[in-house]
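> fold the following.
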Amino acid sequence: MPTTPEKLGLWLVGASGNVATTVAVGLAAMHSGRVRPIGLITESPACRGLQLAPFACIVLGGHEIARRTPHQTAHELADQSGLFGTELLKAVAPALRRYGRQIRPGYDPRSPRRVSAASVIARLRRDIDAFKSSQRLARVVVIHVASAEAMHDARKFPRDWRAFESMLKRRRAAAVPPSVLYALAAIEAGAAYVNFTPAVGADLPAIRARAAQRGAALMGSDAKTGESLLRSVLAPMFSDRCLDVRSWTGANLLGNRDGANLSDAKVKVAKLRSKDAILASLLSPRPDTHTAIEFVASLHDWKTAWNHIHFAGFLGTPMALQFVWQGCDSILAAPLVIDLARLADLHLRRGRSGVMSHLAAFFKAPMDSRDHHFHRQMAALHAYLDNARAEARR
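I've put the predicted structure just below:
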């Protein structure tokens, strides 16, 4: 008799946001055969024979602090940004309602309640544990798709896990970055944790140490979906052709909730740092870089990036390249989330743990990797997949 495929739980932090909702719509639409899986590496020949989790076997749940539901967000995206036709929304409505029933209240740092960080982590973990048990899931992958956070100084946190754990019991939750609380909840629940946003997440020495103790798989941070993806492809071209890039200027306009969040200067600096780090690592000597991000409400879920690259060629002749990238933020991000969930699950099925550095191609600031060369990053991913396929044949 054929065996029943195992179910994978995908727990999304920021569960009713644009990206998470687009993931839910996309999974339901692909499962029903209404759309082709465009933009998914896990549906390409590179992943053939790996028996990745089928779309029908991915169960969604998550944490959310907003009052809106995925169903409401989907209709908002349709009305404001032109996504999801009427027939598609009607077809996926049951799936969105099922997903909505698996969403639990997240941690809101603006809450006036004075609770310890440890107690919040315990509550978040119980939600993940209950999700896994009630849905009879084989494994769970937690992906943080909430809004970007302000930068935090890692030196303010203990490096030793025991000291860090003691701090969590004493310190109010509001004094700890929310992404840290969610990361630790995932680690304690035995789930893989992937940080899709510019946030601390699991990237602190003490949390990495705890993840190692728990045998957890980790990766992040700040997904590479638009301008930064192009930068990681184009910068090596200039370097390989020995062209002298003198300046690289970029202007970004976006209009969704993430754009509004980036209006906060403290939050914006984290995003800008990861964007400029790509160019600094790929071009020598380092060119002058200027990157701006502006919130334009009327764009809704769409974003535009204009880049001007000033470079010198033979005989020092100055030249320039300009490009304009226009894309829909959630449509670009959602297939990456699905790929990351399936690939993290593959890592767990192989009995592996630690930092999933083979997934560096997905991120602006990949953990344990300073190489931002996109083609080399993709080569590392393909090598990992080839190894997994060979292992499966044995």
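> elements contacting the helix or strand harbouring Ala388?
Here Ala388 sits within helix 374-393, counting by DSSP states H and E. Helices and strands touching helix 374-393, by 3 or more Cβ pairs under 8 Å, 6 or more residues apart in numbering; DSSP states H and E, are helix 227-240. The way it works is simple: take the backbone N, C-alpha and C, and place the C-beta from them, glycine included.
> and the helix it packs on, average pLDDT?
The predicted model assigns helix 227-240 a mean pLDDT of 95.
> now it, how far from the centre of its chain.
Centre-to-centre, helix 227-240 and its host chain are 21 Å apart (Cα atoms, centre = their mean, to the nearest Å).
> please renumber the chain so that the first residue is 54 from this point on.
From this message on, residue numbering opens at 54, which makes the last subject helix 280-293.
> in that helix, what's buried?
Within helix 280-293, the residues that qualify as buried by neighbour count (16 or more other Cβ atoms under 10 Å) are 280-285, 287-289, 291.
> now for the helix or strand just after that helix, which elements pack on it?
Scanning forward in sequence from helix 280-293, with DSSP H and E defining helices and strands, the next element found is strand 297-307. Strand 297-307 makes packing contacts with helix 280-293, strand 341-348, strand 355-365 when contacts are defined by 3+ Cβ pairs under 8 Å, 6+ apart.
> let's see it at 6 Å
Judged by 3 or more Cβ pairs under 6 Å, 6 or more residues apart in numbering; DSSP states H and E, strand 297-307 is in contact with strand 341-348, strand 355-365.
> and the contacts of it?
Strand 297-307 has contacts (Cβ atoms under 6 Å, 6 or more residues apart in numbering) with 291, 332, 336, 340-347, 349, 356-365.
> how many residues are close by Ile91?
Burial of Ile91, expressed as a neighbour count using other Cβ atoms under 10 Å, amounts to 10.
> kindly provide the distance from it to Ala387.
Using Cβ to Cβ, to the nearest Å, one obtains 11 Å as the distance from Ile91 to Ala387.
> list the buried residues in stretch 243-254.
Residues of stretch 243-254 classed as buried under the neighbour-count rule (16+ other Cβ under 10 Å) are 243-254.
> the bottom helix or strand of the chain by mean pLDDT?
For the chain, scoring each helix and strand by mean pLDDT, DSSP states H and E identifies helix 310-314 as the least confident one, at a mean of 77.
> just checking, next helix/strand downstream of that helix?
Following the chain from helix 310-314 toward its C-terminal end, the next helix or strand by DSSP H and E is helix 318-335.
> can you name the residues in contact with that next one?
Helix 318-335 is contacted from outside by 201, 203-204, 251, 275, 281, 284-285, 288-289, 301, 314-315, 339, 342, 344, 346, 417-418, 423, 425, using Cβ under 6 Å, 6+ apart.
> for stretch 258-273, same thing?
Applying Cβ under 6 Å, 6+ apart, the set of residues contacting stretch 258-273 from outside is 211-212, 214, 217, 240, 245-248, 254-255, 400, 406, 408-409, 412, 420.
> before we move on, back to that, list the buried ones in the least confident helix or strand of the chain?
Of the residues in helix 310-314, those buried by neighbour count under the rule 16+ other Cβ under 10 Å are 310-312, 314.
> and which of these is nearest Thr74?
Ranking the buried residues of helix 310-314 by separation from Thr74, with Cβ to Cβ as the measure, puts Arg310 on top at 11.7 Å.
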